[in-house]
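Visitor: Let's see this in three dimensions:
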Amino acid sequence: HYYITNNLSKCMLRSVSRLVLTSRLTTSVTPTITTTSTRVFLRITTLTLTLSRSLVIPMEAQMTKWALSAGDIEGGVKELMNKTTGMYDEISALQGEKVSEALSKLTEVHRYYDSLSCLYDFPSQVSADKAVRDASVEADRVLSDFSVAMSARKDVFDVMCSYGETYTPPTPESVRLLARVIRDGKRVGLHLEKAKQDRIKEINSKMSSLGIEFQNNMNEDKTAMFFKTEQLKGCSEDFVKGLETNEAGEHKVTLQYPCLYPILKQCSVEATRKQLLITRYSMCKDLNTPILEELVKLRAEKAGLLGYPTHSDFILDARMAKTKDTVKTFLTDMVGKMKEPLSAEFEGFLEIKERECKENGEECCGSVQPWDIYHYMQITEKEKYSVDTELLKQYFPMDIVTKGLLEIYQLIFNLRFEKIENAPVWHPDVQLFSVFDKTTSAFLGQFYMDLHPRDGKYGHAAVFGLQPGCVKSDGERQPAVCALVCNFTAPTADKPSLLYHSEVETYFHEFGHAMHQICSQTEHTYFSGTRVERDFVEAPSQMLENWCWEKDSLKMMSGHYKDGTAIPCDLLEKLVCSKLANIATTTCRQLVFGLFDQDIHTRENADTAQCFSNAHSLVMGNPAPEGTNFAAQFGHMAGGYDAQYYGYMWSEVYSEDMFQTVFKETGVLSPEGGMKYRTCILQPGGSVDAFDMLKNMLGRDPNSDAFFKAKGFA
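Guide: The predicted model follows:
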């Protein structure tokens, strides 16, 4: 007999007859349930098992179909589209009193589609099988076109408008949902004449396909260079040793982060850094430049059809910022505040460059070039703050960082994580965890962790939503599921994966997105998890990066990879002080991206290479390398951040306000502050305006004082 005590969540209890036993048993079980005031007995009549609670998972949260073949994906997509179309048809057919069912039916079709589509489009980002990735890319393209078509169904839009004219939704969140559904319908032109509607449909479908093609070109890029050992002078011995070599003994260098950044940071040979950066800035140039420039044209045309002067105006109308003038003022004011600090930092970089060129017997060009920046930033950190990043990363082995990260998130958010052994996953490196509320034992959801690079895998760091958390039509709660996908250096035979401190920050940031997905408790899929205003979506995770700069939390996630000894106190102190190292340079880099984004999206046509070079010159004082186009590998521009990249810095203003106001007062490891944050920011998802969530947490209107204090410019 297996006892399920009464403190388990309702979701687990109701799913007891559909248990997934994640062991290697093949024997079928038939449960018989008897309820008392204190426990439920599950009688397994075919065999008796002793199992830990961590092996009992609700069916809704256990994604068991990652072994799909290319054919399975194709068939599954057809079935998903057929059923979804039928569900929309049911809504469009509602008449008379039956219209009262429209909103509940729409929420169910949202839940159904969003919960299953990831099975077919997510493998394009992570599968090790090229055939499966290709099938998934095609599935993503087909499903994106399908989503565009379904969102443009005027018959469904008309029914929802009729519902809004006649009925009042039952809850405040449902009222908000109806308003958003009608707003979204107007934003795809369903209130316009048919000719304009049809053209907008064509544009949306084309843009969807182009965005998928852009990202797939990046995922499949196999560009590699070969360097002799002396060309990698300054790079750590362990790094060079870990590179593949050809028959001539030259070292293979790819454009993936674990290769790219160690060389740009460490290599003292300017020619090597220059070649690598120019190659990276030219990545997918021939393939993706025309794609992005076609997207710019299509976005501008669509905005015009909808009555907006520019694509930026169209996008920002549904964001916190509201207008392009607000964003322009925000970015240009920031550039002005950064000019003096950036000039001072570049003077320091140039002094180091002149010294290094003299030591290497090379002539100095007299200026800091784009391929110099990471290198001299690292040297500045080491000399000015005495932070040796190579020494420091020995205290951040992946296993210890992961253990500490999980402990910190559990502590401050009052959660419990349980690893699922032998879980069905898409690659042997992947791990799966269940998440419970520590006090109530309520089951909240699950997250996968896929942390190391491999061929064909998504090349950056991101969290992918796999199943939205929401309330189903029967009143049960569907738990959220997501995947943390990163590209940290893989372990070798004689050394574990060691993380740079910047990678620890990335890890902490992305895991924050995972917790946002899982901790939100919205009624509707539409508002689940990170589905907040786009210019606020980064704020919750940006705030959590602060834990990577606080001594108490750093001690929990660090220890020497050989013996687990703590970071020496003096090194820890230097690391904390180095938070302000190169702050103007890193801030200005974000401003380049934000200004470039606004520039191309306030035009009808754009020479993206020239626009990027202009933004680089305006902010950094020199153009981008000639003949390159960084924009061709700037995935945000084709991946949903168009006219919205400013949001990273915009949201950072709010993230610092939250951290300084709440956690500096209660302590960074305070469950009190953590629960306030979980309740006010994570739990509502997008069901409350971001500005109102901030006011609820801060007890006042947010402001930028904490941001400038954190940057050292108060």
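Visitor: Which neighbouring residues are in contact with the residue nearest to A321 when sequence neighbours are not counted, exactly?
Guide: Leaving aside its sequence neighbours, A321 sits nearest to V327 (CB to CB, 6 or more residues apart in numbering; 5.1 Å). Yep, even glycine has a C-beta here, placed from its N, CA and C like the rest. Counting by CB atoms under 8 Å, 6 or more residues apart in numbering, V327 makes contact with S312, L316, A321, G594, Q598, Y646, W650.
Visitor: can you give me the strands for this protein?
Guide: 2-5, 20-21, 31-35, 39-44, 56-57, 224-227, 251-254, 415-419, 431-437, 443-450, 462-467, 470-471, 477-478, 480-485 (DSSP state E).
Visitor: At which residues are the helices of the stretch 251-400 of the chain located?
Guide: Along the stretch 251-400 of the chain, counting by DSSP state H, counting those that start in this stretch, helices occupy 257-266, 270-281, 285-305, 311-316, 324-359, 373-384, 389-392, 398-413.
Visitor: Nearest to K154, out of those?
Guide: The stretch from these with the least distance to K154 (CB to CB) is helix 285-305; that distance is 15.2 Å.
Visitor: which parts of that closest one are buried?
Guide: Using 16 or more other CB atoms under 10 Å as the test for burial, helix 285-305 gives 285, 287-289, 291-293, 295-296, 298-300, 302-303, 305.
Visitor: could you dump it to PDB, C-alpha only?
Guide: This file holds the C-alpha atoms of helix 285-305, laid out as PDB (Å, rounded to 0.1, in the frame of the first residue of the first chain):
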ATOM      1  CA  LYS A 285      25.300  37.500 -42.600                       C
ATOM      2  CA  ASP A 286      24.500  36.300 -46.100                       C
ATOM      3  CA  LEU A 287      21.500  34.300 -45.000                       C
ATOM      4  CA  ASN A 288      20.000  36.400 -42.200                       C
ATOM      5  CA  THR A 289      20.600  40.000 -43.400                       C
ATOM      6  CA  PRO A 290      17.900  39.800 -46.200                       C
ATOM      7  CA  ILE A 291      15.600  38.000 -43.800                       C
ATOM      8  CA  LEU A 292      15.800  40.700 -41.100                       C
ATOM      9  CA  GLU A 293      15.500  43.500 -43.700                       C
ATOM     10  CA  GLU A 294      12.400  41.900 -45.100                       C
ATOM     11  CA  LEU A 295      11.000  41.600 -41.600                       C
ATOM     12  CA  VAL A 296      11.500  45.400 -41.100                       C
ATOM     13  CA  LYS A 297       9.600  46.100 -44.300                       C
ATOM     14  CA  LEU A 298       6.700  43.800 -43.400                       C
ATOM     15  CA  ARG A 299       6.500  45.100 -39.800                       C
ATOM     16  CA  ALA A 300       6.300  48.700 -41.100                       C
ATOM     17  CA  GLU A 301       3.600  47.800 -43.700                       C
ATOM     18  CA  LYS A 302       1.500  46.000 -41.100                       C
ATOM     19  CA  ALA A 303       1.800  49.000 -38.700                       C
ATOM     20  CA  GLY A 304       0.500  51.300 -41.400                       C
ATOM     21  CA  LEU A 305      -2.400  49.100 -42.200                       C
END
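Visitor: Low-confidence stretches in this structure?
Guide: 1-65, 714 (pLDDT under 70).
Visitor: Spatially, what comes nearest to the most centrally placed residue in it if we skip its sequence neighbours?
Guide: The centroid of the chain falls nearest to A462 when counting by CA atoms, centre = their mean (3.4 Å). Excluding its sequence neighbours, the residue lying closest to A462 (CB to CB, 6+ apart) is V485, at 5.7 Å.
Visitor: burial count for that neighbour?
Guide: Applying other CB atoms under 10 Å, we find 22 residues neighbouring V485.
Visitor: Quick one: residues contacting it.
Guide: V485 neighbours (CB under 8 Å, 6+ apart): Q125, V126, D450, K457, Y458, A461, A462, V463, F464.
Visitor: Thank you kindly, that will do.
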